[in-house]
Every structure is written in C-alpha cells, then in structure tokens.
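A.B. asks: need a 3D model of the sequence below.
(one chain, ligands or ions: 2)
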Amino acid sequence: MVDNYFSIGIDFGTESGRVLLVNVHSGSIEAIKVIPYRHGVIEDTLPINKQRIPKGSVLQHPGDYLHVLKEGVAHVLAESKVNPTHIIGIGVDFTSSTIVPVDHTLTPLCFYSNYHQSPHSWVKLWKHHHTKAETEKIYRVATQRKEKWMRKLGYNISEEWMIPKILEVFEQDREIYTHTAYYLEAVDWIVSTLASKVSRNNCSLGFKAFWNEKDGYPEEFFTAIDPEFGKTILPKLAGEVKNIGECAGYLTEEWARKLSLPVNLPISTGVIDAHSAVLGTGVYQSGELLMVMGTSTCHMMLHSEEKEIPGISGVVKDAIIPGLYAYEAGQSAVGDLFGSYIKNHVPESYKQEADKQGVSMFDYLEKKAAKLSPGESGLIALDWHNGNRSILSNTDLSGCLIGLTLHTKPEAIFRAYLESTAFGANMIIGAYRDWGMDVREVVACGGLPQANKLLMQLYADILNMPIHVSQSNYAPAIGAAILGAVAAGRINNGYDDMEAAIRYMAQPIEKTYYPIKKHVEVYQQLFAHYKELHDYFGMKRLSMMRNLKHGIDKETETIY
Ligand SMILES: Nc1ncnc2c1ncn2[C@@H]1O[C@H](COP(=O)(O)OP(=O)(O)O)[C@@H](O)[C@H]1O
Ligand SMILES: O=C(CO)[C@H](O)[C@H](O)COP(=O)(O)O
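C.D. replies: Residues are numbered from 1 along each chain as shown. Ligands and ions are numbered 1, 2, ... in the order given. This next block holds a predicted model:
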C-alpha cells in the first residue's frame, strides 16, 4: 500500500536534535524523539579538560550529533514498530553556519587527543561571535574590491558565516588550520559521514560561504585577504556540490548496521534549518513569506526574480525550491528578548502571583498585556537587544525603550517588546516590498506562534495582513523528511518533484490571525514613530550606540 512508506527527517537545532519518522503519503508523524545535546552549547570551558575558551566563542561537541542520530533513529524505529525496509529515505537539516573541521577520513579534529586542547578543533556553532576582527577585514577588502558576490549577500558580511570562522582559525591556530582537510557545514558532515563521500549543499554554500552557482568560490578574493589563505583554502572547501532536492548519496553498510536501516538508503542533500521549515510548512510559491519564530526569527521568502536587496542575509537560486530564488532576512532576538525580560526584570510579586495561579510567567504576562489596548501604555521599543541582523546588519546596536513613567507596569513593557519585534518584521517586509517583491501571504512556524496568541494577533495588526500559523512545531524536521522522500524518488515509493512531496507531507495551517481594523490604525501611527527611532539610532547616531554598547572611550570619543 502506498501509504505504508516512511521518511526520516532529522533536525539539528541549537540545543537539541529531533528525529521524526513521517508517513510519506499522509504527512503524519509516526514517532518523534527529541534529544538534548549532552554537552549543550559550549561557551565557557572545553569538555575535555575544563580549559577556558575565549569570550564570544560558542562551540559544540560533534559526538553529540552522532548520539542524536543513533539514539533518535533507534527510538523512532522502536516506538513506531515500522518495518525498516519501508523507510525510503533520510533528510537532514541543521543550524548554520555551524562548521566542523575534519581530516581526510571525515573524523572531527577534536576527536584526536593531539588536537583537542585547541578550541579551534571543535565545532563552531552558528552564534560563535569570536570573529569580529576577521569579519571586519573581509568586509573592508571586499568593499574595496567591489566584490560582485556581496550583492547576493545584502552587501553584508556576518560574523556567523563560514569564511570568517575559517579565517579566524587561519589567523589564530595555523596548526589546526593546516591539519584540517575539510571545513564542512555540520549538515554536510552528517550527510557525508552517512554516505562516506564529501558532499555539500548549495543552500549553505550560497548563504554562508560566498559561493554561487555561476562563479563558484571567489578565489582571487581569498588571495587578496592573504596570499597563503588563497593558496590553501580551496581544497578545504572541496566536495561535490548538490542542489536542495537532489540525492547526495546512499547509506553505507557501516551506518546501515549502526542505525538498523537498509543499506543504500537514499540520503538527501542537507539544508539549513530555517530553509527546511519553508518546505515543512508547505510554502512553495513566489510571493509567500515564512517567519520561523523562536529564539530568533528568520524571514524566508520565495520569488521568481532575483533582487539584490541591501541588508538582508542573502538570495540564492534553487536553495529551497528548484526554479525559485530563496531570500533570507532575520531578527537576532525575538523569543530571546521576551525570555531575557522575564529572567531579569519581572518583580517578585508577579512571580508569586504566577506561581499561585500555576501558570508560567510568559502566560501570566501575556494575559495581563492582552488587556491593554494598542498605544495605551505610551511605550515604544527598539528590538535590538542582540544587535540588528536585517536590514541594518549591525551587531553594535542595542535595545531601547521610550515612554516610561512612574506608573509603567511590567506587562506594558512586555507588550512593548512583543510589538517591537513585529515592527522589526514590518521593516523587513517593507524592504522586500521596496524592491518590488509582492509579499502576498505570511505563514508563521517555530515555538513562538503556538506559545503566544497575543504575539500573533499583534503581528497581524502591525503587518496588516492575515498570519497563518502552521500546525506543527517541527517544521524543519518535516521539511527534512520531505527531502528524504524526494531523494528516494517515485521509483522507491517517494516523489520525483518537490511540489508533490510538499502537497502530501507538509503540515497544514492550524489557525489564521486576522488584522483588527481599529488596532491597525493605531499601529500605523506607532510604526511611523518606530521607523523614526530606527533611522535615528540605527543610522544617524551609530557612534553613540557603539559607545553605549562597548563602553565610552574617554580619550577619543564622547557621547555627544
Ligand atoms: N509564551 C511565550 N511568549 C513569549 N516568548 C516565549 C514563550 N515561550 C517561550 N518563549 C521564548 O521563545 C524561545 C524558544 O522558542 P523555540 O522555538 O521553542 O526555540 P528555538 O528557537 O531554540 O527552536 C525562547 O527564547 C523563549 O524565551
Ligand atoms: O542563521 C540561521 C539560519 O540561517 C538561524 O538563525 C540559525 O540556524 C539558528 O536558528 P534557531 O533560532 O532555530 O536556533
């Protein structure tokens, strides 16, 4: 029977990995296993010897990913009792740019006792920010040389991307750099390991590694950065590049045994997590935008035309749906901003009351904030508590709250922060529209849309558009399972094209929030104020913001 075939989707997030077994005909999730990484996010000391790592370094243990693979697959097989021969493919998505330095056998350098004392032998997680100097150097040289590839990356270089992370190792630990045979996106490392051949995906390379289909890597630019870097980097970036939707390889005998899965099972090309969520929520047409809302928000957009929009994270052809351009923009603190407010600023009396009612502080504040009407508190905030990713692309910026009085209550501040992230999203959608892109539909997924109804109503009112919320919290893993079914192809009871796989397997819309007319009118006025503050602090008063964030240097600069 056609509905008795399954695909495995594996989503590697920031703190945990999720393995899903998905029915390829109905999209139903047969079994799920979420496994927190045993070593978590490493920010203080190395796991092997408690050696301190530099501030801003954010590392992970690659063994944790293998643990997710083995335990997760074993669990979903046992729970679902599915016959493994009815599993037709595997798909994998990952945070990005999360990079693994490996030797020629694809073994991470940190697995060797002669390398593991160096922080540079470990995985650098996407939010590793110890690359400021290298990023500035890359930006300076690239703008001086008017590098064409920058146009596709919003004229922007992020500390989170792959090349700044590799340059950091080149400049700070030449031994590790020299002994690294390949720098792989973590998703490519998993896929390459399972298939025992080096394979890379066009999505991560296009968005995070200065690569494009037409020109490949910018070899001359790498030499302009440093002649030795130019001479040595390309072999470390080698490997067959495959497009999203293609089969990257087949499960080796060794891994088939370890995972109790069939030998030669098709493995799809890897994909970035936010991009995979586009597939999992069923977004596949030009003009549709997906907000992946959690710790941060990624704003994914598909379009039939290529536009070089300044300040977004990038545009890459065929990086999600073949034939369409995939766009990404982002806000660095969304759930993180709400969480940090609750952690650091909510008074004890509120905590006691929430405990008494047996509700979380999020739910307690949401209920109180929902009783306020738009504009009532007189507050307005800038949502830059972790810098601004789009469209100002500036990590020196910090948050701002205006309109406080002696009577301001915590729920009013909470609501102002919720509103500020919706205003930030409106700036990004405005930038897409200014460049002639018709944003027709907005879909939301991730942990936040399910967790906070007020937030979603505010987005509908502030964007002045219906917001469709996806049913599942697991959109990236579903997207990965879709890719697994496409890698298998129809011949193996999967799909030959992405559109068909999405039609059968994507998660349905659970709920739509519609704009409330009288709220829209108030928020249009408040957004005009937000934009004024955005331009003032984000553009005119940059040196003041930098001073505030990094401390005032009395010798050279004053605030005013
Ligand atoms: N009810 C809520 N209202 C607002 N923010 C919330 C709520 N519940 C969780 N958060 C925030 O959402 C984030 C978690 O989102 P989630 O999508 O689950 O995680 P991730 O982005 O790591 O996948 C945290 O930063 C947390 O502070
Ligand atoms: O840069 C990104 C995608 O390009 C994401 O922000 C990164 O992968 C982490 O996402 P999450 O908020 O799910 O932890």
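
A.B. asks: give me the pLDDT for the nearest residue to residue 178 once chain neighbours are set aside.
C.D. replies: Of all residues not flanking residue 178 in the chain, residue 232 sits nearest, at 7.7 Å (Cβ to Cβ, 6 or more residues apart in numbering). The C-beta positions use only the backbone N, C-alpha and C, and glycine is treated the same way. We have a pLDDT of 98 for residue 232.

A.B. asks: and residue 173, by the same measure?
C.D. replies: For residue 173, the model assigns a pLDDT of 98.

A.B. asks: secondary structure class for the nearest residue to it once chain neighbours are set aside?
C.D. replies: Leaving aside its chain neighbours, residue 173 sits nearest to residue 120 (4.3 Å; criterion: Cβ to Cβ, 6+ apart). Assigned with DSSP: H, G, I helix; E, B strand; the rest coil, residue 120 falls in the helix class.

A.B. asks: so which bits of stretch 355-363 are buried?
C.D. replies: For stretch 355-363, a neighbour-count test (16 or more other Cβ atoms under 10 Å) marks 361, 362 as buried.

A.B. asks: let the chain start at 23 from now.
C.D. replies: In the new numbering, first residue 23, that becomes stretch 377-385.

A.B. asks: how much distance is there from it to the middle of the chain?
C.D. replies: 30 Å (Cα atoms, centre = their mean, to the nearest Å).

A.B. asks: tabulate the CA atom coordinates of that stretch in PDB.
C.D. replies: The C-alpha trace of stretch 377-385 is given here as PDB (Å, rounded to 0.1, in the frame of the first residue of the first chain):
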ATOM      1  CA  ASP A 377       3.100  30.500  40.900                       C
ATOM      2  CA  LYS A 378      -0.200  30.900  42.900                       C
ATOM      3  CA  GLN A 379      -2.200  30.600  39.600                       C
ATOM      4  CA  GLY A 380       0.000  27.700  38.500                       C
ATOM      5  CA  VAL A 381       0.900  29.400  35.100                       C
ATOM      6  CA  SER A 382       4.200  30.300  33.500                       C
ATOM      7  CA  MET A 383       5.500  33.900  33.700                       C
ATOM      8  CA  PHE A 384       5.100  34.000  29.900                       C
ATOM      9  CA  ASP A 385       1.400  33.100  30.100                       C
END
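
A.B. asks: on that earlier part again, OK, contacts around the residue nearest to residue 200?
C.D. replies: By Cβ atoms under 8 Å, 6 or more residues apart in numbering, residue 254 lies in contact with 192, 199, 200.

A.B. asks: residue contacts, residue 289?
C.D. replies: Residue 289 makes contact with 111-114, 213, 216-217, 269-273, 506, 509 under the criterion Cβ under 8 Å, 6+ apart.

A.B. asks: cool, residue 471 as well?
C.D. replies: Going by Cβ under 8 Å, 6+ apart, residue 471 touches 315, 477, 478, 489, 491, 492.

A.B. asks: now these as a markdown table including pLDDT?
C.D. replies: Output for the contacts of residue 471, formatted as a markdown table (pLDDT from 0 to 100):
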| residue | pLDDT |
| --- | --- |
| 315 | 96 |
| 477 | 98 |
| 478 | 98 |
| 489 | 98 |
| 491 | 97 |
| 492 | 95 |
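
A.B. asks: of all these, which two lie farthest apart?
C.D. replies: Greatest spatial distance in the contacts of residue 471: 477 and 492, 14.9 Å, computed using Cβ to Cβ.

A.B. asks: beta-bridge partners for the residue nearest to residue 97 when sequence neighbours are not counted, please?
C.D. replies: Ranked by Cβ to Cβ, 6+ apart and with sequence neighbours excluded, the top spatial neighbour of residue 97 is residue 55, at 3.9 Å. Per DSSP bridges, the residues bridged to residue 55 are residue 41.

A.B. asks: need the helices for the stretch 373-522 of the chain, in chain order.
C.D. replies: For the stretch 373-522 of the chain, the helices defined by DSSP state H, counting those that start in this stretch occupy 383-392, 432-456, 469-473, 475-485, 497-510, 520-527.

A.B. asks: list the buried residues for the fifth one?
C.D. replies: Within helix 497-510, the residues scored as buried using 16+ other Cβ under 10 Å are 497-510.

A.B. asks: now the third one
C.D. replies: Across helix 469-473, burial judged by 16+ other Cβ under 10 Å covers 470, 471, 472, 473.

A.B. asks: redo those residues as TSV? Include pLDDT.
C.D. replies: Listed next are those as TSV, based on pLDDT from 0 to 100:
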residue	pLDDT
470	96
471	96
472	93
473	95
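
A.B. asks: can you put these in JSON lines and add distance to residue 528?
C.D. replies: Converted to JSON lines, the buried residues of helix 469-473 look like this (distance: Cβ to Cβ, whole Å):
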{"residue": "470", "distance to residue 528": "20"}
{"residue": "471", "distance to residue 528": "16"}
{"residue": "472", "distance to residue 528": "17"}
{"residue": "473", "distance to residue 528": "21"}
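
A.B. asks: these two touch, right, residue 410 and residue 354?
C.D. replies: Yes: the pair residue 410 / residue 354 is scored as a contact, 7.2 Å apart, by Cβ atoms under 8 Å.
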